[in-house]
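1. Quick one: sequence plus predicted model below, questions after.
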Amino acid sequence: MTEPVRMCVGCRTRAPKRRLLQVIRRPDGVVVPVAGPRRRASGRGAYVCPRRACFDRAVRKGALARAVGRGRAVRFQPDDLWNALVVAARHECRVLRRTGASRARLAASSELARAIDREEGDV
Ligand SMILES: [Zn+2]
């Protein structure tokens, strides 16, 4: 099974969706992480590498806001959103392990969690 491929809004590199962090704009304009076994989200998401540098660049250039806002106002505080993404990625990995996800999905999720750990200097 191949995972869908998405593009990082920070560096424009393409990667399997589950190796990228995902955010979405809620109806009230607040940008929040999308995570979980199915990454279920309504509306259009944006994806970013699990690297703070990519995230910061996407924020600085306005690429993240454009991708999720599509002309509408978006609200988020970069540090808070990044921290929420870190928590979301780790949570997603734990949930997938517990629920017996497919090997490909689990591998992608584990890689994402490891990348986050490296990024956060916890490993
Ligand atoms: Zn990137």
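-> Noted; the coordinates are in hand. This is a predicted model, so every value here is computed, not measured. Numbering: from 1, shown residues only.
2. what about T13, distance to the ion?
-> In this structure, T13 and the ion are 5 Å apart, going by Cβ to the ion, to the nearest Å. Every residue, glycine included, has its C-beta placed from N, CA and C.
3. quick one: that residue from R6, how far?
-> The spacing between T13 and R6, counted by Cβ to Cβ, to the nearest Å, is 10 Å.
4. higher neighbour count, the two?
-> Between T13 and R6, R6 has the larger neighbour count (other Cβ atoms under 10 Å), namely 19 against 11.
5. In contact with the more buried one, which residues?
-> R14, A15, P16, K17, L20, Q22, Y47 (Cβ atoms under 8 Å, 6 or more residues apart in numbering).
6. rerun at 10 Å
-> Neighbour list for R6: 13-20, 22, 45-48 [criterion: Cβ atoms under 10 Å, 6 or more residues apart in numbering].
7. for T99, same thing?
-> G36, P37, R105, L106.
8. Mind doing that once more with 6 Å?
-> Each residue near T99 by Cβ atoms under 6 Å, 6 or more residues apart in numbering is listed here: P37.
9. next one: L20
-> Counting by Cβ under 6 Å, 6+ apart, L20 touches R6, Y47.
10. Please report the distance of it from the ion.
-> 8 Å.
11. Pull up the per-residue confidence for that residue.
-> At L20, the model reports a pLDDT of 95.
12. Same check on the one 5 residues further on?
-> pLDDT for R25: 94.
13. is it true that it touches A73?
-> No - R25 lies out of contact with A73 (Cβ atoms under 6 Å); the separation is 9.0 Å.
14. Of those two, give the one with the bigger neighbour count.
-> Neighbour count, other Cβ under 10 Å: between R25 and A73, R25 has more, with 25 against 9.
15. ok, and the closest non-adjacent residue to that one?
-> Using Cβ to Cβ, 6 or more residues apart in numbering and skipping residues adjacent in sequence, the residue nearest R25 is V68, 4.1 Å away.
16. Now do that neighbour against the ion, distance only.
-> Relative to the ion, V68 is positioned 16 Å away (Cβ to the ion).
17. Contacts only, for that residue.
-> Contacts for V68 (Cβ under 6 Å, 6+ apart) come out as R25, V31, A46, V74.
18. Could you check how far it is from A15?
-> Look at V68 and A15: by Cβ to Cβ, they are 18 Å apart.
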